[in-house]
Structures are given as structure tokens and as C-alpha cells.
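> The amino acid sequence is not available; the structure is as follows:
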């Protein structure tokens, strides 16, 4: 039997289907040049899921936003749609979390600094960590990174007030 020729419309439809299934359209949208710098590589493949309804999330469970806490307090998070893993381990759908204190979150696809003031890496695969801060009001960005410490767009925020002189002032 001689080779079958497809009508042009069927070939175009097949090409569109292959492009949609491969994620090619998403990659081109995510790898656009930022006005402030050079073209960035897209974040890890599983991070692109955050653009859909059931996106991976990190949520701060404790302390709640606006809490008054002691100088050392417990920070607890929950992951949804991703699994906690130790830093350095790179697998699809896994990550670890970082706490950025009084500084903005890192742009997705950029490395999270691991040896700078105001950055705590919780890279042991746990969802609970103790944090010690100076007295005052502090804004915390909780941000998930992959095993290479590359930031994702999975993040949550909480503001806490650390009590003065080790004493937690009463809530008003």
C-alpha cells in the first residue's frame, strides 16, 4: 500500500496537539526577556503547574499572620501538591522551604542565597523549624526551592511581632 497523504488540516491539528501536550507553548511564555535583565531559563517543569487550578502551595500554619511571638518561636508550614525533601535532592514534585526575613521573595528561576543575612534554609525535609529573631515587627516570606536552591513561585507570607526583652507583650 502506498504512503497515505494527510490533508493539510489534519497535519496542522496533529502538530497543534503535539505542541500542546509537550508544554511548548508554556515554555515560550515563561522564558520571555524580563525588562530588567537577560532572558531567564524557565523554572523547573513541575513549578509550571502553579498556573493551574490545583497548583502546588505552601501555607504557614504557625504562627498566624499578625501574631506576637517570643524571640525564638516555632514556624510550621504545610505543602500541598508537592512533597518535602532534603536540599540537594532533585526529584520531580519535591522541594524544601526557605524563610526570607524582612526581604522580598526571590524571583522564580533564580538561586536563593544560602549564606546571607535574613535567609534561613530549612533543607532537611521537615515542615517545622524554630526561628530566632530580634524584637520588632518582621515580614517573613516562606518560599519553596528545588534541590538546587532555585526559587519557585510557591510562597506564602506572614508578619510577626517579636516581644521586647524576651517578654511577649499582651495582645490588645
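Arrived safely. What you see is a predicted model, and the numbers here were worked out from it, not measured in a lab.
> use CA for all of it now, contacts and neighbours both
Fine.
> what helix or strand does residue 161 sit in?
Per DSSP states H and E: residue 161 is located in strand 151-162.
> Does anything pack onto that strand? Which helices or strands?
strand 57-62, strand 68-69, strand 136-145 (3 or more CA pairs under 8 Å, 6 or more residues apart in numbering; DSSP states H and E).
> State the mean pLDDT of that strand.
Taken as a whole, strand 151-162 has an average pLDDT of 96.
> contacts for that strand?
With CA atoms under 8 Å, 6 or more residues apart in numbering as the test, strand 151-162 has contacts from 43-44, 47, 50, 56-60, 63-71, 106-112, 133-146, 168.
> Mind giving me the ChimeraX command for buried ones among these?
Buried subset of these, written as a ChimeraX selection, criterion 16 or more other CA atoms under 10 Å:
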select :43,44,47,56,57,58,59,60,63,68,69,70,71,106,108,109,110,112,133,135,137,138,139,140,141,142,143,144,145,146
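> Considering helices and strands only, name the one in this structure with the lowest mean pLDDT.
When the helices and strands of the chain are scored by mean pLDDT, DSSP states H and E, helix 24-30 comes last with a mean of 37.
> So this structure: which segments form each domain?
For the chain, the structural domains run 7-33, 56-166, going by automatic domain parsing.
> Helices along the chain, start to end?
8-22, 24-30 (DSSP state H).
> hang on, the earlier thing: CSV for the helices and strands packed on strand 151-162, including mean pLDDT and distance to residue 122?
What follows is the helices and strands packed on strand 151-162, written out as CSV (pLDDT from 0 to 100; distance: least, CA to CA, whole Å):
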stretch, mean pLDDT, distance to residue 122
strand 57-62, 97, 13
strand 68-69, 96, 20
strand 136-145, 97, 10
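> Distance to residue 83 for those strands - can I get that in CSV?
Putting the helices and strands packed on strand 151-162 into CSV (distance: least, CA to CA, whole Å) gives the following:
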stretch, distance to residue 83
strand 57-62, 10
strand 68-69, 28
strand 136-145, 11
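> Mind checking these for the one nearest to residue 101?
In terms of CA to CA, the element of the helices and strands packed on strand 151-162 nearest to residue 101 is strand 136-145, at 4.8 Å.
> Contacts for that closest one, please.
Contact partners of strand 136-145, identified using CA under 8 Å, 6+ apart, comprise 58, 60, 95-105, 112, 151-164.
> strand partners of that strand, parallel vs antiparallel please.
Paired strands of strand 136-145, with direction, are strand 94-101 (antiparallel), strand 151-162 (antiparallel) (DSSP bridges).
> looking at those strands, which is buried most?
strand 94-101 (a mean of 25; mean count of other CA atoms under 10 Å).
> relative to strand 57-62, how tilted is that one?
Put simply, strand 94-101 runs at 50 degrees to strand 57-62, going by axes from the mean of the first three to the mean of the last three CA atoms, to 10 degrees.
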